[in-house]
Structure formats: structure tokens, C-alpha cells
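Q: This is the structure alone, sequence omitted:
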Ligand SMILES: [Mn+2]
Ligand SMILES: [Mn+2]
Ligand SMILES: [Mn+2]
Ligand SMILES: [Mn+2]
């Protein structure tokens, strides 16, 4: 141990021994913080203490010195536990760096391109509850005016869920077509998922394919949160429901598909259950609350609506989202 | 604090004060371990110590008691650091569970099936240096007697590397053919990798396609560790080198391919650099060492050879592999 | 609830005054030496946070009686900039490894109960309680 | 190298004998109280491991002189079952949280230098050194 530290300790202790003021203790405690930072073990503190007392008051009975020796011995295991803390903090920091790097790789690996189509305004926001996102959005589009979107949610969160996302992306890529029908898309991905992951993991997915020329949305769902249709003309919300098992349950699963024609100002709101199953202190946030939020901003661009809904739900939940949050809006313009 | 602990402490201390034997200190230190387990903070130990000394030797000068009070104050921050250790251990355990789960998902997601072909004996071992494997093996085979194998190594280790593996698997799946030519397979995967990951990540890959009917191996390499050919007839080892850039460097990369005909007892040894770049205390383990290991077991089944090489290299390196270890042997039988 | 007193935090010396006040109340309530030191440390941390990050504020010490239990309540209030990311300041290793002392996780550990309310640009209100057993 | 002595570990009392031997040598070499306690703790852990997992073995203490530096070498040797997963026993949190004491990571921390050789069914040989500064 550095001589300087021993001297400082002795001086601080000496001041305390003279008057025992709160000021002395405050100085002492600030010093103890510095000792921890410099990795001075508790047994070393006791030893320093003993030496300082010896130098300040040499003539104490032997039992005092023996008693300090015993304390030093008692503190050795405490000192080891503290060193372990240092190494745990270091490990945790390394792991954090690795997780950040992994999240970056994941993002690049699974990135998707927002379709740019005449007459279609798209808004999108996907915010993970933890480091890794267990929700996934993938767009496919082409020159003929098709814009397909897969909105998927792996049951489970964090890293294990995030790993499954690649199946959706590469499955969609293997179809290599923007106008594939939702029931076919869901069947293909279902078979990949069924083959690739074990029985404890499931994925829910909504697939919507928008034909911009006909302003027609065809959609299907694999056990996913229903989408919402907002009709500007009627100022009304309805659910877009389609029957279908979760992906990965059965290779033979069959998926329904339905069609709806959009008019100017209509919105199709696709999402994961992280949007609808938010909670505040009084319980679940009602679906109607979300309708109200959307209605309030219906005339704005799709991205502004999406951002507004997120901001308001975040506020209601004190920024404590329990699940990944993903919201996509197709607005016919 | 529990009265019983205080009494025990006093008794142990009292014994020590009487004779100061090593036996007393041993008992004391074992007791300190128990104190840590019961989350007794170091400031509580000092306080117990003070109380015990007070009860055993009431008549000491005041400076002794003041000095203990000062020590208690000094130990508060040490106690907090120890509590932090507890919570870090808990967090680390949770993270470990998540990583284990993720490693399982990854394994199921990327699993591959060993081809079963007449006249071909395959051995395979892939051991990650950390939790997640950054090496990847994928087999494709068909009824016509083709057995292709991709041996890939992502530059980088751990989770970020592991995430990239899905590209190889789904890329190979999208080819949907066991007799695709190495140069074509490498080109396809190269384009996927180039498109999907950023410029800081690269993948090396060897692709070998074995036509069992003709006993002919066609192979290509994207900057990967050369395979080794063992000729039983000559009892000689040669390298199977093929030119080609790492995957992900350039979308226009072109890959060579070469052909070699196998005879009975011949071995094709494919691996990642984790096999050849092992180190012991004297430096790198020479390639010749690996040749010797293989030669020693050449008459055994492929799996036995692979296992033997691993066991011996592990022994030489004191079980400290710095890199993921992957070894595949095709044996013509 | 009875007995109440407070210290304005403006300079580093006020931290010591707040500690002294807290220690006196804790001693009077019958807390032992170790708990006195812990309560004082918690006050010290909270007062230091005010001094460092808000510039000024107030530490208030209250004696509590509830269901026959006696306790001490520390209130640390300021009109400073507020805490942008509570999750981060409550994280282990974040403050201590940076040398900022026990930090808020430390205060939480030193006391039985801990509540924080903060709002950007408006200030922070922290309440920490310890019960006498 | 000069001065050498050893203790057979068969019963728990032998742990104490090994500690005593180590402490004497450490004191003689001029190590301070804290380092004496650390060296003794390391010996204690190693002897305890032998006692618990190998049944019997030997602790040997050597005085070292190297490049003008003096030091102490602890050798813990047994013909026990060996350690199947070294990585695991050297992991933090693995032993301590299980209540087994400082464990091997503890010994490594208490000393300056630590080497382990183990082989399944044949036994374990651990060498730990601390230099006098
Ligand atoms: Mn999910
Ligand atoms: Mn969800
Ligand atoms: Mn690698
Ligand atoms: Mn490698």
C-alpha cells in the first residue's frame, strides 16, 4: 500500500479522535470511497487503522492489537468478495459491448427498405423493450406497385427471440416476389419455422399485400394481433381479422386471406401486441384509447401518427413498456 | 443482526484472545465465510467486534471505542460495494440463462444433417471457444450420391459472429441443390453476405462437394483455411488450396474450383483456423503436428480421428482454445 | 408524524449539517451505531447529489410512527434539471465504478424504502425511509 | 531455492497445520500481517480442497529467491479424481455463491502467480507464488 495513503488515513483518523465531529466522519467517508476506487481491500484498511492507532497511541494494552489482527483475518474473505465485484463489473461491461455489437449486426442483417409507391404513405416504428427486438418488420415491393409487409412477433423476448427473425427475412427473400398471396407467404414461412425451431417457440405474423394500382389490400394472419382499418369517410374503426394458426405449430396449417379496398384518407394500422397490451397503473390500456389517439392525428402523415401514438402510450405507461412495440401504418393518399 | 451470530462471534474472538493460535484463526475465517453468505456487511462485523470486546474487556480507554466507530463509518461504502456484488451475480446468472437459451435456439435453427452415403465416412466436431459458435458447418445431400459441405468461419467471435450464421444456412437452402458447383455456391452466398452485413464483418468459407458415385471431390474456397488431402497409398499430406476473396468483400468476387479423385483410405480434412492456429507455451502448434495426429489414427473411423485430434490439441493447449474449433473429415471407404 | 426539521443545501458544508441533523434524529429514535452510520451515509449521498447536480435544494428529516413502528424519513428535494434517464442512474456499477460514490442504488440499499419523482427542468424529489426494528 | 517443508493433508486438523507452516515461513520471509493472512488463507483453501475433493494429498511450502526477489511458493498436490472442467471452477461467482469459500479464483487473487495441472483420475497439482515487495 502506498505510504501516502497510510499517512492520509492516519491524519484523518487523528482529527476524528480529537473531536469526533460529523465533519471528521464526512471526510473519512469520502476518503473510504477513494480507497475502494484504488482497490484497497478492507483487511488493508484494518491494518492501516491498526498501524495509525499504534503510532498515535503506542501504549494501549496488547488485547487491542490482537483484536485488530483477528479483524484483519476476518476481513480477508470480504476483500476477496470485493475483488470479485470488480471482475464482475468488468465482465458485465464486456458483455454489454458484445450485446450492443450483436444488436448492430442484427439490425444490418435484418434491415428492410420502406417501399416508395404512388398513393401510399407508410409510417413505421419498432422499439424493443430490451436490448434485442423480438418484433420484426419486413417489406417487399416491386415496380408494378405492390407493397407487402410482414409484421411478426416471436413469443418470448430478448436474444432467443431475436435469433428467430432471420427465418422470416430469408423466408421472404426466398419467395422473391412482392405480389405473392398472403396465404402462400404464411404457408411458406410456417413450414420454415416449423422445421427450424423447437416446439417451445412460436411466431405470430400478419402479412398484408397492398396493390397500389387497385388500392387493394389483401391480408392474412398467423395468430397475430388483428390489424385495424380506419375509414375516413365514416370516421370509423374496424378490425381486420383473418383466421390462422401461429407459425410453427403445424406444417399443414392453412391460412385465410381477405381483401379490402382503400379510399383516400383510409388507414391500415398493423401492430404487435406490445401496442395493444400496454398497461398503466389502472390496468390495461383500452383499445379505444388507441383509436382516439389515431383519430386525433388522422390528417397528418403516417409517420407522425405512428410517432404520436408511441409518445402518448409511453407517457401513459411511465416509459415502462413490458413488450416490444411495433406499429406500421399504411395511409392511402 | 441475529443475537446468535453475535454470541458465536464473541466466543470465537474470546478463544482467539486467550491463545492466538492458528486453530483459532482457522475457525474465525470459516466463520467469516458464513457471515458473507448471510449477507452480514463488514460494518456489522466491526460493530459486532466492538460489542464483543466491550463485553469481554469493558475497561479499555475511550480511544479504542472511538476508533471502532470510525472504522464502522469507513466500512459503510465497502458494505455497499459488497451488496452490489450480490446483485451483479444475480444479473449475471439471468444473462447466462438467456445466453444458454439463445445458444439452444441457434443450434436448433442452424442444425444440419450428416449425409449418409455409400463409400463415404464422415467425422465432425465443432466446439465454440465461448458460449456461441462463430464457426458453422452445413451439409446438403441428395439421393443421387452428392454430399456437399460448407465450412464457414465468421471473422470475430461470440454473439455478433453467431448471428451471421443464418445467412449461410438460408443461402444454401435457397440453392436447393446438393450438386451445385462450389464456385456458384460461393458466389451466391457472397452476394447475400455482401448485401446483409456491414463492411467490418467478413466470413471465410470452404465448400466441398463430393460425388460418391465417382469418388470425386470438387472444392472452392473464399479466403478459408486450405483443406488437407491425405493419400493413403503414398502416406502423404497435401493442401487443397483454391483462390477466392473472403465473403462479403466484393459482390463481383469470382471463385476458383478444383477437383480431386479419392481412393480407398484417402481423407479430406476440412477445418477452420481454430484447428491450425492453436498455441501452446512454446508458440504456434505446427501443421506437421496435426498431420502426425491424423496419421496416427488414419485407419480408424472418421469420427474417431476427429475426436482424437481435438483431445490431443486440447491437451497441448491446456484446454485453452482461443478460437472456435471445427474439424470435418471425409473418408473414402 | 412528529418532529421535523430541514437543512438547505447550498455549499458542501451544508452536506455535513444535513448529516449531523440526520444522525441526531436517528440516535434519538434509538437506531444503533451501524444504522446511524447508514442513515447518515444515505443523507450524505442525497445532499451531495443536490450540491453537485442541482446546485441547491433541501434535505428534510422526519420522524415517522406507523402501526406502532418508528422510523426516519429523508426527503431530498430540488428544483434542478431533473434526471433524464432514471433506469441508468439506478443501474449497478454505473455510479460506483465512475467514482461518484454509493449513488442512488446505494441510498436504496441503505434504507428500507425508496421513492423517486423527477421531471426534466422541474426538479427531483426523493423520499427514503428506514424503520426501527 | 532453499528451505522446504510439507504437510500431509488427511484430516481437517492438517489444514490448520498447513496454515501454521505457511504463516511461519511467510513471517520469517518478512511478509506483513495482511500478506501473512492472505498467504495463510490461500493455503487454507488449497488444503481444504484436497481434504474435501481428493480425500488426501500434500501441501508443500518453499522459500524462493529469484532475481534478488524473495517469495513463497505453495504447492498443493493430490492423486484425487482431478477437475473435469477447469474453466468452471475458475469462474467468478461459481464457488463463492455456492458457499464453498474463496475457491480457486480466490487463491489466484490472493497470490501473485497461479498454475494448475489436473488430469482426470490422476490428480491435481497447483502451484501458487507470492513475491515479497
Ligand atoms: Mn415478442
Ligand atoms: Mn409481443
Ligand atoms: Mn471466427
Ligand atoms: Mn476462426
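A: Yes, it's here. If you're wondering where the values come from, they're calculated on a predicted model, not measured in any experiment. Ligands and ions are numbered 1, 2, ... in the order given.

Q: need the contact list for the residue nearest in space to the middle of chain A.
A: The residue lying closest to the centre of chain A (CA atoms, centre = their mean) is residue A:130, at 2.2 Å. Residues in contact with residue A:130 (CB atoms under 8 Å, 6 or more residues apart in numbering or on different chains) are A:157, A:158. (C-beta placed from N, C-alpha, C; glycine too.)

Q: burial measure for residue A:242, as a count.
A: Residue A:242 has 22 neighbouring residues, counting by other CB atoms under 10 Å in any protein chain shown.

Q: How about the contacts made by it?
A: Residue A:242 touches A:182, A:219, A:220, A:221, A:226, A:255, A:256, A:257, A:258, counting by CB under 8 Å, 6+ apart.

Q: Throw these into CSV and include neighbour count, thanks.
A: Shown next, in CSV, are those (neighbours: other CB atoms under 10 Å in any protein chain shown):
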residue, neighbour count
A:182, 27
A:219, 26
A:220, 24
A:221, 28
A:226, 17
A:255, 24
A:256, 14
A:257, 20
A:258, 14
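
Q: among those, which are in strands?
A: Counting by DSSP state E, these place A:219, A:220, A:221, A:258 in strands.

Q: which residues does the first one form a beta bridge with?
A: Under DSSP bridges, the beta-bridge partners of residue A:219 are residue A:208, residue A:258.

Q: That one contacts residue A:257, doesn't it?
A: Yes - between residue A:219 and residue A:257 there is a contact at 6.5 Å, judged by CB atoms under 8 Å.

Q: residue in chain C nearest to chain A?
A: Nearest to chain A in chain C, going by CB to the nearest CB, is residue C:20, at a distance of 4.1 Å.

Q: what's the helix or strand for that residue?
A: Using DSSP states H and E, residue C:20 falls within helix C:12-29.

Q: now for the helix or strand just after that helix, which elements pack on it?
A: Using DSSP H and E, the helix or strand that follows helix C:12-29 towards the C-terminus is helix C:33-49. Applying 3 or more CB pairs under 8 Å, 6 or more residues apart in numbering or on different chains; DSSP states H and E, one finds that helix C:33-49 makes contact with helix A:22-37, helix B:42-56, helix B:62-109, helix C:12-29, strand C:57-66, strand C:69-78, helix C:103-110, strand C:123-131.

Q: Just want the angle from helix C:33-49 to helix B:42-56.
A: 150 degrees (axes from the mean of the first three to the mean of the last three CA atoms, to 10 degrees).

Q: still on that earlier bit, what comes up buried for the helix holding residue C:20?
A: For helix C:12-29, burial by neighbour count (16 or more other CB atoms under 10 Å in any protein chain shown) applies to C:14-23, C:25-26, C:29.

Q: is any part of stretch A:58-67 close to chain B?
A: Yes - taking CB under 8 Å from any CB of the partner chain as the criterion, stretch A:58-67 and chain B are in contact, through A:60, A:61, A:63, A:64, A:66, A:67.

Q: buried residues in that stretch?
A: Quick answer for stretch A:58-67 (16+ other CB under 10 Å): A:60, A:64, A:67.

Q: Just want the residue of chain A that's nearest ligand 1.
A: residue A:134 (3.7 Å; CB to the ion).

Q: can you count the residues close to residue A:143?
A: 7.

Q: cool, and residue A:22?
A: The tally of other residues near residue A:22 (other CB under 10 Å) stands at 19.

Q: go on, the one 4 residues further on?
A: Here the number of neighbours of residue A:26 (other CB under 10 Å) works out to 22.

Q: contacting residues for it?
A: Residues near residue A:26 by CB under 8 Å, 6+ apart: C:15, C:16, C:19, C:44.

Q: quick one: the first one from residue C:21, how far?
A: Right, the one you point to is residue C:15. 11 Å (CB to CB, to the nearest Å).

Q: and the gap between the residue sitting furthest away from the middle of chain A and residue B:187?
A: What lies farthest from the middle of chain A is residue A:59; by CA atoms, centre = their mean that is 62.8 Å. As judged by CB to CB, residue A:59 and residue B:187 stand 88 Å apart.

Q: so what's residue A:150 up against?
A: A:136, A:137, A:138, A:139, A:168, A:172, A:185, A:189, A:205, A:206, A:207.

Q: go with 6 Å
A: Residues counted as contacts of residue A:150 (CB atoms under 6 Å, 6 or more residues apart in numbering or on different chains) are A:138, A:205, A:207.

Q: Tell me the predicted confidence for the last one.
A: Right, the one you point to is residue A:207. With respect to pLDDT, residue A:207 scores 97.
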